[in-house]
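S.K.: need a 3D model of the sequence below.
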Amino acid sequence: MTVQELAGHERSELHQDPSRHPELLYRELARLAGSLLTFSLEHHLEAIPRYRHASPEQVFPPLFALLDTLLEVSLPSRVIAIALEQGADREIWRGRLHDARLREGADFYLSVRSSLPPHQLQSRFPQLCKAGSHDDVAEVVNIALSGIAIKPLSHVPAAIPLRLENQYFALDLSTDAARAMLEAGNCTFYTPESLGDVKLELFAVLRS
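M.R.: Numbering: from 1, shown residues only. Model prediction:
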């Protein structure tokens, strides 16, 4: 959905009838912006530019930009960012999977930044990072098991925020370890010091 689609009817009528006052289009768009403001914590009514008949370039471009921003906030998103807490030892990251949708129909992706060169991170991270539930990862680390398989991505799903300095990985949810993580409703990632100074972000992309 775009602002152009939402305002298309009003704009087409304006083109078909040039004598129609542009203030009518402004009123429709301003009314839409006012409705969408209820979903935003960062914008207020003062953000809607006032109508200036003599200076439309100071009215419509900022109004369309505001609508674009408000639509991003108000429309449901397929991606959920899962907060990860880093432990005091800086090697353990823990998150909670409270939302039932995460356990029933989502794919999980890690966005990883490290002091290692990108090519080294892409090859070493799947081998050295241990992923699973809180209980499973503690056991996996102690007895050197693999946990949930982690796969490097060559193409990042469009829904995930793209950071050029990061490398991206997918969790293989077909394993018993992955099912145990989903059933437990929590996740843990172990990143040894050999992976460098690591920063993890976890995203879930809903399948429907």
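
S.K.: what is the burial count for residue 183?
M.R.: Residue 183 has 11 neighbours, counted by other Cβ atoms under 10 Å. C-betas here are computed from N, CA, C, even on glycine.

S.K.: return the helix or strand in the protein with minimum mean pLDDT.
M.R.: One helix or strand of the chain scores below all others by mean pLDDT, DSSP states H and E: helix 3-6, with a mean of 50.

S.K.: so what touches stretch 191-208?
M.R.: 78-82, 84, 86, 91-93, 95, 97, 101-102, 105-116, 121, 124-125, 128-129, 157, 159-161, 166, 187, 189 (Cβ atoms under 8 Å, 6 or more residues apart in numbering).

S.K.: report the buried residues of that stretch.
M.R.: For stretch 191-208, a neighbour-count test (16 or more other Cβ atoms under 10 Å) marks 191, 195-196, 198-206 as buried.

S.K.: give me the mean pLDDT for that stretch.
M.R.: The average pLDDT for stretch 191-208 rounds to 93.

S.K.: now do stretch 37-52
M.R.: 83.

S.K.: also stretch 104-119?
M.R.: On average, stretch 104-119 scores 94.

S.K.: pull up the distance across it, start to finish.
M.R.: By Cα to Cα, to the nearest Å, the extent of stretch 104-119 from end to end equals 33 Å.

S.K.: can you give the distance of that stretch from its chain's centre?
M.R.: 13 Å (Cα atoms, centre = their mean, to the nearest Å).

S.K.: ok, and what's touching that stretch?
M.R.: Residues contacting stretch 104-119 (Cβ under 8 Å, 6+ apart): 80, 121, 124-125, 150, 153, 156-157, 160-161, 163, 165-171, 173, 187, 189, 195-208.

S.K.: which of the contacts of stretch 191-208 are buried?
M.R.: Judged by 16+ other Cβ under 10 Å, buried ones among the contacts of stretch 191-208: 80, 82, 84, 91-93, 95, 97, 102, 106, 108-114, 116, 121, 124-125, 129, 160, 166, 187, 189.

S.K.: among these, name the ones in strands.
M.R.: Within the buried ones among the contacts of stretch 191-208, residues falling in strands by DSSP state E are 80, 82, 92-93, 95, 106, 108-113, 187, 189.

S.K.: turn the residues you listed into JSON lines, including distance to residue 136.
M.R.: Converted to JSON lines, those look like this (distance: Cβ to Cβ, whole Å):
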{"residue": "80", "distance to residue 136": "22"}
{"residue": "82", "distance to residue 136": "17"}
{"residue": "92", "distance to residue 136": "13"}
{"residue": "93", "distance to residue 136": "14"}
{"residue": "95", "distance to residue 136": "14"}
{"residue": "106", "distance to residue 136": "19"}
{"residue": "108", "distance to residue 136": "15"}
{"residue": "109", "distance to residue 136": "20"}
{"residue": "110", "distance to residue 136": "17"}
{"residue": "111", "distance to residue 136": "22"}
{"residue": "112", "distance to residue 136": "20"}
{"residue": "113", "distance to residue 136": "25"}
{"residue": "187", "distance to residue 136": "10"}
{"residue": "189", "distance to residue 136": "11"}
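
S.K.: understood, closing this out.
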